[in-house]
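Student: Below are the sequence and a predicted model; questions follow.
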Amino acid sequence: MIAEELAKKQREISIAEFFEKNKHVLGYSNPSKSLITCVKEAVENSIDACEDANILPDIFLKIDRNDNLKVTVEDNGPGIVKEQISRIFGKLLYGSRFHAIRQSRGQQGIGISGAVLYAQLTTGKPAVIISKTSPDKKAQRIELYINTRKNEPEIVKEEFVDWHRARGTRVELEVSGIYVKERKQSVLEYLKETSVVNPHTKITFIDTEGDIFEFKRVSEELPQATREIKPHPHGIELGTLMAMLRQTDSKDLKSFLKDEFVRVGDKIAQDVIERAGLDRKQNPGKLSREEVIGLLKAFKNTDFLPPPTDCLSPIGESLIMKSLMAEYRGEWVYAVTRKPKVYSGHPFLVEAGIVYGGEIASEKMTLLRYANKIPLLYQQGGCAITRAVESVNWRNYGMQQSKGELPVCPAVLMVHIASTNVPYTSESKEAVSYIPEIADEIRLALQELGRKLKEYVERKERLKKKRKKEDVLSAVLPLLARKVCQILEKDEIDVDRIVAKIIGKVHIERLVSENDEYREVNLKISNFTNSRKELKIYEICSGEVEASDAKIIQSSYSTLKWNVTINPEDTATLLYRIKGKIINKKPMIEGVEEFELAGGEVTEMNS
Amino acid sequence: MEEKCLEAMIGIAEDMYEQMREGKIPELRIATRTKHNIEFNEDSEVWVYGDRKSVRSAKAVKGAYQLLRMAYVIDFLKEQLNQNRSSTLRELYYISENWEKGKFNEQQESDRLIEDLEILTVFQREHFHIRPEEDGATVIGPLRIREETRRGVKEIHCQDDVGEGGYQIPINVDRIDFVNHDAKFVIAIETGGMRDRLVENGFDEKFNAILVHLKGQPARSTRRLLKRLNTELNLPVVVFTDGDPWSYRIYASIAYGSIKSAHLSEYLATPPAKFIGIMPTDIIRYDLPSDKLTDKDIKALSSILTDPRFDSDFWKKEVNLQLELNKKSEQQALAKYGLDYVTDVYLPDKLSESGII
């Protein structure tokens, strides 16, 4: 009797105590971080709910300051039925994701119920949840606590209310915490970084001062749903294997291996069993600890095909680029999604993106780390991603870099690892540990970014130089011509064409000669670029027009149109006669870029 | 003469004008002024420019500026000749202050451009009415000259009529006549200190020598004077310098012709001039105090090894020896053996070895 009571007591204190003891690994180690964790749990819950229901997430977050901080998160997800509400929000360690082998945001702390518990322990206030599953129904409003003795929800109030949303869920938590701004670790930074890897998500945030921040949706496409896979024999741990053996429906060892693992067929299963010195007919549930260890060892000594990798869901190159550009307003962006690879039986893939210049300040490069689309805000220094970035010799790509540090460059770099099992350094899941296969992939991705960035910067420099040269020459050559003509006492000559020739442009010149009856116009077009140009030339004139090789479009004025193809170094001449005037100041050209043209005007007539 | 000179300059402007009128990128071709483009002329026995040309083209920013400045300078010289005025190289540099984009950044640029013009027109800067600054190099010795000065014709004896400073070589050496002389040879001396030593020791009187102070790399006027003394008075010329690469270059510009003004070598160089300066072998022979070669010295010595003017066994041996010794000595290092050593021992040795005395 006494023993049983003791046991009961132990269980009674266990959940609050468990939280208290583990709060540092659960993300509640200090007041500002605790607030971020609460926001994070609620926002990620919402994005997951929307994605599961194929809805583009539209998340609303508000933080109010009263005696405490009130965090409100709303989504446009499918809503949650009443029984589920109390389980999801009122019971720790409840959830379907716990044993699944798939790439998921989950596996973070103890989820939204942890936030509910934190609120309850720090302010004594219940969580308020409003959820609506159909526009035809009223919304369910529930106030609940977690019964820390039983780890069960305790509903203190429930009612139906009107709610403006068609569907969705709203959660309000009153927590004690500190709201900080303008720091690497802040709610705002978390939202910004979340927005980068969730381009399909719109987030609206109202902070404690009533300032509104909007993170726009840049993609209308939902990410590809991740697929659950069975574990791979090389990626399994002893505890998990023992649990699987106990819970399986398979009647014998061989079918257990074949049913519960990927890449295990008839022959391989037989090999493993023999290697472990077991019998294929053994009851999986009855294996001794030693036998399980033997089985694990046999796994290690057997070659299997690597696990399938199509279960991973990358963000994708184009979306990363779009997001980075939208968020940081650079002038150039590039991204790489590497092919999936495997480490110790776990599929993974690496993506990286870089946005450069524009509004980004030129200091040490900003690094954004992600694991399964979750931003990692803490422990940058202790993370293998950081180490991989620092180990790249960025000087090869024209950047300044002190050894073992992030390079100095006006750029934001993001690295995303997607895996069914992200190798975090600790339970707090804030940093990734060093795995050679992953580090190699990160380096390869970064090297590609570096090469592309270098190319871009060099191209920009070349253009800049060319433009500067053009500026100088277009000032100096006319002066030279004028001086020479002055010495020789001759009429001035036009050197625009020579400048165009030196710079390598398309040059167009209009020469008009008049007689009593008409004006004769001569267009001389020279292609000094090194590529063949297909051009459309337009002139707009009044009065009578005569041009044998032009298409003439009549309205109030006549528009003459020529199609000409000019090879590099070649010159074309177009002739026409008019009785009236030419309306456009300079000849208009289509088919050439502004910076490549001299003497004319670039136009887009599309006629 | 001046008219032809003007015509030649206008011709350059006409070239540029024609090119631009035809829509071509304007350019000028000028003999390349490096050691890779000098050739030995068998007839005159001096080094002149070869056939290699450098192009100053408006295709490049630098070339475009050069052409623009050339045009400004021609325009200026045209006016100057028409008004019969003259100016110095330094004045020309300052005048360019008003030329906006045509202005020079440093005097070296305008000096070079005048040299370009000399090469292109085959006239000398004097014909453009451009002169250098007074260089201050001097002569002392048994020589009587007649100089046409702005204040009349003067006859001067370069020992009796001058102080210890000597007779200052005028800019235009062709305006002086040699009246008579009592000299056996001409000795050109690199440093002022050594010249003063020779004067103090009465070397000019004792050896009937004309002392010419070079003041480092000699000006055109100094080289022209040496040339005239050699050819018109038939006097042998010896060159007495320090023992370092810069001094060997001084000798080369006197005897072989300088790279920078090889277009004037025939007018300025004195091929029979003999080197009696400190040589690397002398550092050993006289056990002279020495300094270590600097990096610049070593670079200059290596450059001499590929300079065609120094392509002789004598220079190859000496330069290689110097690199090996890693030492250089000054003329005045001879003072180690007393103030009279240079005039009593060293120079008599060298002069008799050269067959001068």
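Tutor: On my side now, so go ahead.
Student: What backbone torsions are found at A:Lys412?
Tutor: Careful, residue A:412 is Val; it's not Lys. Dihedral angles of A:Val412 (phi, psi; degrees, to the nearest 10) stand at phi -120, psi 130.
Student: what about the closest residue to chain B within the stretch 251-400 of chain A, how many residues close to it?
Tutor: Closest to chain B within the stretch 251-400 of chain A is A:Gly398: 23.7 Å, counting by CB to the nearest CB. Every residue, glycine included, has its C-beta placed from N, CA and C. Using other CB atoms under 10 Å in any protein chain shown, A:Gly398 is surrounded by 14 other residues.
Student: what does A:Ser344 give?
Tutor: Using other CB under 10 Å, the number of residues around A:Ser344 comes to 13.
Student: check contacts around A:Gly265.
Tutor: For A:Gly265, the contacting residues are A:Lys258, by CB atoms under 8 Å, 6 or more residues apart in numbering or on different chains.
Student: cool, and the one 3 residues further on?
Tutor: For A:Ile268, the residues meeting the contact criterion (CB under 8 Å, 6+ apart) are A:302, A:304.
Student: now the residue nearest to the residue of the stretch 251-400 of chain A closest to chain B when sequence neighbours are not counted: how far from chain B?
Tutor: Spatial nearest neighbour of A:Gly398, excluding adjacent residues (CB to CB, 6 or more residues apart in numbering or on different chains): A:Lys454 at 5.2 Å. According to CB to the nearest CB, to the nearest Å, A:Lys454 and chain B sit 25 Å apart.
Student: Now the closest residue to chain A within the stretch 151-300 of chain B. Nearest residue, chain neighbours left out?
Tutor: Per CB to the nearest CB, B:His263 is where the stretch 151-300 of chain B lies closest to chain A, at 23.3 Å. Spatial nearest neighbour of B:His263, excluding adjacent residues (CB to CB, 6+ apart): B:Ile119 at 4.8 Å.
Student: Now do the phi/psi pair for the one you found.
Tutor: Dihedral angles of B:Ile119 (phi, psi; degrees, to the nearest 10) stand at phi -70, psi -40.
Student: Please tell me how far it sits from A:Val175.
Tutor: Separation of B:Ile119 from A:Val175 (CB to CB, to the nearest Å): 87 Å.
Student: now do A:Lys579
Tutor: From A:Lys579 across to A:Val175, the span is 84 Å (CB to CB).
Student: residues from chain A in reach of chain B?
Tutor: A:469, A:472-473, A:475-477, A:479-481, A:483-488, A:490, A:493, A:495, A:497-498, A:501-502 (CB under 8 Å from any CB of the partner chain).
Student: 6 Å instead?
Tutor: Counting by CB under 6 Å from any CB of the partner chain, chain A comes close to chain B at A:469, A:472-473, A:476, A:479-481, A:483-484, A:487-488, A:493, A:495, A:497-498, A:502.
Student: ok, and the most crowded of those residues?
Tutor: Neighbour tally across the residues of chain A next to chain B (other CB under 10 Å): the maximum, 29 neighbours, falls on A:Val484.
Student: ok, it - contacts?
Tutor: Residues near A:Val484 by CB atoms under 6 Å, 6 or more residues apart in numbering or on different chains: B:13, B:16-17, B:71.
Student: repeat for A:Cys311
Tutor: A:Cys311 neighbours (CB under 6 Å, 6+ apart): A:227, A:229.
Student: if you set the cut-off to 8 Å instead, what comes out?
Tutor: By CB under 8 Å, 6+ apart, the contact list for A:Cys311 reads A:102-103, A:226-229, A:347, A:420.
Student: taking these one by one, which sit in strands?
Tutor: A:Pro347 (DSSP state E).
Student: Now flag whichever of the contacts of A:Cys311 is closest to A:Leu560.
Tutor: For those, the residue nearest A:Leu560 by CB to CB is A:Thr226; the value is 60.6 Å.
Student: Run through chain A and note the low-pLDDT ranges.
Tutor: A:1-14, A:93-102, A:104, A:106-110, A:606-607 (pLDDT under 70).
Student: So for whichever residue of it sits closest to chain B, what's the nearest residue that isn't a sequence neighbour?
Tutor: Closest contact between chain A and chain B, by CB to the nearest CB, is at A:Lys483 (4.0 Å). The shortest distance from A:Lys483 to any residue other than its chain neighbours is 4.0 Å, reached at B:Ala71 (CB to CB, 6+ apart).
Student: before we move on, back to that, pretty sure the residue of the stretch 151-300 of chain B closest to chain A is touching B:Val48, no?
Tutor: Yes. With contact defined as CB atoms under 8 Å, B:His263 reaches B:Val48; the gap is 7.2 Å.
Student: Who has more neighbours out of the two?
Tutor: Legend: neighbour count by other CB under 10 Å for B:His263 and B:Val48, higher for B:His263 (21 against 18).
Student: my guess is the more buried one is in a helix, correct?
Tutor: Yes. Checked against DSSP: H, G, I helix; E, B strand; the rest coil, B:His263 lies within a helix.
Student: For it, give me its contacts.
Tutor: Counted by CB under 8 Å, 6+ apart, B:His263 has contacts B:31, B:48-49, B:115, B:118-119, B:122.
Student: Quickly note the distance from it to B:Leu117.
Tutor: 11 Å.
Student: Am I right that the residue of chain A closest to chain B is in a strand?
Tutor: No. Counting by three-state DSSP, one finds A:Lys483 to be helix, located in no strand.
Student: Could you work out the end-to-end span of stretch B:155-162 for me?
Tutor: The separation between the terminal residues of stretch B:155-162, taken as CA to CA, to the nearest Å, is 11 Å.
Student: residues from chain B in reach of chain A?
Tutor: B:10, B:13-14, B:16-17, B:20-21, B:23-26, B:58-59, B:61, B:64-65, B:67-68, B:71-72, B:74-75, B:78, B:100-102.
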